[in-house]
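Colleague: From the sequence below, what's the structure:
(chains A, B, C and D)
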Number of protein chains: 2
Amino acid sequence: MARRVVRKPTKIVVDLDDRKATILKAVVVEHIDTAQPVGSSAVAASADLDVSSATVRSEMVALEREGFLAQPHTSAGRIPTDKGYRYFVDHLQSGVLGSVQQKQVKDFFASVRGEVEEVLEQTSTLLSQMTSYTSVVVGAGHAHATILSVQLVSLDARHHLLVTVFSDGSVIKHSLTPNFEATPKEVMEASRQLNALLISTSLESRVQVPSRHDNEAALVREAVSILHAQQPVMEGEQVFIGGSSKVAEVFDGVETVRQVLAILEQELLVVSLVQDILDQGLSVAIGSEHGFAPLSTCALIVAPVTIDGAPAGAVGLLGPTRMKYREAMAAAEVVSAHLSRHFAGVDDRG
Amino acid sequence: MARRVVRKPTKIVVDLDDRKATILKAVVVEHIDTAQPVGSSAVAASADLDVSSATVRSEMVALEREGFLAQPHTSAGRIPTDKGYRYFVDHLQSGVLGSVQQKQVKDFFASVRGEVEEVLEQTSTLLSQMTSYTSVVVGAGHAHATILSVQLVSLDARHHLLVTVFSDGSVIKHSLTPNFEATPKEVMEASRQLNALLISTSLESRVQVPSRHDNEAALVREAVSILHAQQPVMEGEQVFIGGSSKVAEVFDGVETVRQVLAILEQELLVVSLVQDILDQGLSVAIGSEHGFAPLSTCALIVAPVTIDGAPAGAVGLLGPTRMKYREAMAAAEVVSAHLSRHFAGVDDRG
DNA sequence: ATTAGCACTCAGTAGAATTGAGTGCTAACA
DNA sequence: TGTTAGCACTCAATTCTACTGAGTGCTAAT
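Modeller: Sure, this is the predicted structure:
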């Protein structure tokens, strides 16, 4: 899966006068809450606006003309368009998590233990439970990590395992099945040579492989080529998706649910989507903004995870365009911050 | 997650006279096909039965009294009960896969490469695509496998990785974060001792740990305890679920979809469910047969995977009780057989 | 510029009537 | 005795109609 084209952020500076903005926000808030079209009188009733519904109506006509609102049919209220949501999100004062959730996150990170993968997986479950949306946690690949150790272990004369340990704490294995039989001694020797050759290199750097014709050299060559072969696939990017059942909760229409689930199944696609949004410098992609048609009824919130300033992955939340942006964004940010700190903390704890 | 209680197979020998059996089967087949209640005249029209609809009706009354059929309401046709499906499945002559699918499986296993995990994952996708049902592939844990190699790798003075290679080709890692600083030399020495201590043992066997008070001994003790600690969690059982989006295709009602998805999220639950069914010696659990209420509208087909006769996991298919049993069972069996052969083949290929 | 007032639109709802697939029962029949 | 044609009955689903009411757009008055 190739990384998708990076589009420049198409930040259109929109500005609405105060009253229009208030009305738009009221419509968005109400519609997020009720999932129904919002009428002018409901907006007029919205306290901080001292005008009649008629005035609201004429403003709404303008907002519709400008593309912020839409009408499902003539005699219905208005619903926000993607552009409407965008305005809303851009003008959202960043929310604060409820104290219960604050505590939930705190407790989680105070007690979570285990390998990185487990932490990420559980984080994904946490995020999903906190928000009632489907969560995505992406762990960065280890292309840049250096190799700490390479070991060749024999299963039998023709089947060996290449176990590589990286400086970021990840371990990957590869099967090595040469078309000749190797003695334990040859395997050990190859293992030794691989260590000498690869330690402190990264998967990106090329190394000089021995050109001799003996078995050790053959093993070494095969091992090195396997290791280097995996890079372009951006292997090692780990994805953890939590709460896919939430999809059935927050989207309506079985067909929509099916489509979204089908996309979540293609994990590489999800990763590139998240990356794409991050690359654009956005924290939310609404509706068609990510240019991916099947998800045009979705919004995707992302927050980067960094370790000591370096990008190390991301957390995301997937919901309908009428999702609770403030709460969800706050949750994503808090969790990604905790996650960043957690991993930084692992390295200099004690 | 504790393994669930093993219930004895409650095989009730049911026998129906020929005509009742034919009628029952006709109802099942038709209902699986149409998802609608089946009426007496539809059954009567079913070629291999030369009776009028009135006769069919009176037989249906009997079948309903005996619990094989049910009526959604007075003036509707009949639908099969779980018991009805059970009879149908028990009297199903084992189906053969269509030649297209035959080829699909063959091609897949001829070309599939890579690590066990990848093969299992892809198999799960294959099964799901072949059948349009959600698939479950369970890889057995490595509690019984013996240790081929143990290696302790330092990230820094206080953070080490314990990398263990098992005879079944699996590799697991554990973080080791002792509360003292260890020199590279001590780590290497501990690694050496661990090897001497653990090679050829399994996770089940206890070993004598050194009781000295130096750093190596402490590292060794911690490593051994971590390794042995993981067993009761039946860690290492891998689950791969493929085609969860199919849930939204084959079940009707968003709520049902949500429930099923929520269950699929709890992978350990799924594993124990599959194991439970296998332990009962069944190949299909229909409706409430598995005793798990939230899945009472589902049927779960399972087929064991064995390597050289020893159980090594299972494949499963989850669908509604009105699923296409013959095709799905055939697919599960063929795939599990291929999978068994594939892994056996890996060990003595060439 | 704002708003009260009003005619108009149209999805949604409720009720009534109708349809029709399907049943159970019974009486006649082989 | 088992089978079947016939018939009255049931009831979900469909169709139709009328109505409701939330909401709009427009206009004339403030």
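Colleague: C-alpha from now on. contacts and neighbour counts both.
Modeller: OK.
Colleague: which residues of the stretch 251-350 of chain A fall in helices?
Modeller: Taking DSSP state H, counting those that start in this stretch as the test, the helices found in the stretch 251-350 of chain A are A:254-265, A:267-279, A:325-348.
Colleague: touching chain B at all, the first one?
Modeller: Meaning helix A:254-265. Yes - interface with chain B: helix A:254-265 contributes A:254-255, A:257-262, A:265 (C-alpha under 8 Å from any C-alpha of the partner chain).
Colleague: Pull up the gap between the nearest residue to A:R86 once chain neighbours are set aside and A:L300, please.
Modeller: Excluding the flanking residues, the one nearest A:R86 by C-alpha to C-alpha, 6 or more residues apart in numbering or on different chains is A:I286, at 6.9 Å. Per C-alpha to C-alpha, to the nearest Å, A:I286 is found 6 Å from A:L300.
Colleague: where along the stretch 51-200 of chain A do the helices fall?
Modeller: With DSSP H, counting those that start in this stretch as the criterion, the stretch 51-200 of chain A has helices spanning A:53-65, A:82-90, A:99-111, A:116-131, A:184-198.
Colleague: Quick check: buried residues in the first one?
Modeller: Going back to what we said before, that points to helix A:53-65. Neighbour-count burial for helix A:53-65, with 16 or more other C-alpha atoms under 10 Å in any protein chain shown as criterion, is recorded at A:53, A:56-57, A:59-60, A:63-64.
Colleague: In TSV, list the helices of the stretch 251-350 of chain A along with distance to DNA strand C, mean neighbour count and mean pLDDT.
Modeller: As requested, the helices of the stretch 251-350 of chain A are exported to TSV (distance: least, C-alpha to the nearest atom of the strand, whole Å; neighbours: other C-alpha atoms under 10 Å in any protein chain shown; pLDDT from 0 to 100):
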stretch	distance to DNA strand C	mean neighbour count	mean pLDDT
helix A:254-265	17	19	96
helix A:267-279	33	20	94
helix A:325-348	26	19	88
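Colleague: what about those, which gets the closest to B:Q104?
Modeller: helix A:254-265 (20.8 Å; C-alpha to C-alpha).
Colleague: Residues in contact with the closest one: which ones?
Modeller: A:241, A:244, A:247-248, A:251, A:269-270, A:294-295, B:242-249, B:253-254 (C-alpha atoms under 8 Å, 6 or more residues apart in numbering or on different chains).
Colleague: Buried subset of the residues you listed, written for PyMOL?
Modeller: Applying 16+ other C-alpha under 10 Å to those, the buried members can be selected in PyMOL as follows:
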select buried, (chain A and resi 241+244+247+248+251+269+270+295) or (chain B and resi 242+243+244+245+246+247+248+249+254)
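Colleague: Among the contacts of helix A:254-265, which lie within strands?
Modeller: A:241, B:242 (DSSP state E).
Colleague: Within range of chain B, give me the residues from chain A.
Modeller: So chain A meets chain B at A:114-115, A:148-149, A:153, A:155, A:159, A:161, A:163, A:165, A:167, A:169, A:171, A:173-175, A:179, A:242-249, A:253-255, A:257-262, A:265, A:347, A:350 (C-alpha under 8 Å from any C-alpha).
Colleague: Run a quick neighbour tally on the residue lying closest to A:T177 once chain neighbours are set aside.
Modeller: Nearest non-adjacent residue to A:T177, counting by C-alpha to C-alpha, 6+ apart: A:H159, 4.8 Å away. Neighbour count for A:H159, taken as other C-alpha atoms under 10 Å in any protein chain shown: 22.
Colleague: What are the neighbouring residues in contact with A:H159?
Modeller: Neighbour list for A:H159: A:175-178, B:347 [criterion: C-alpha under 8 Å, 6+ apart].
Colleague: Find the nearest non-adjacent residue to A:L273, please.
Modeller: Per C-alpha to C-alpha, 6+ apart, closest to A:L273 is A:H290, 7.5 Å.
Colleague: B:A303 versus that neighbour, what's the distance?
Modeller: When A:H290 is compared with B:A303 (using C-alpha to C-alpha), they lie 42 Å apart.
Colleague: Of the two, give the one with the bigger neighbour count.
Modeller: A side-by-side neighbour count of A:H290 and B:A303, using other C-alpha under 10 Å, places B:A303 first with 26 against 20.
Colleague: correct me, but that one touches B:A314?
Modeller: Yes - at 5.6 Å, B:A303 counts as touching B:A314 under the criterion of C-alpha atoms under 8 Å.
Colleague: list residues touching both of these two?
Modeller: In contact with both B:A303 and B:A314: B:S336, using C-alpha under 8 Å, 6+ apart.
Colleague: Point out the residues in the stretch 51-200 of chain A that sit beside DNA strand C.
Modeller: Contact residues (C-alpha under 7 Å from any atom of the strand) of the stretch 51-200 of chain A with DNA strand C: A:51-55, A:58, A:73-75.
Colleague: Right, I'll call it a day here.
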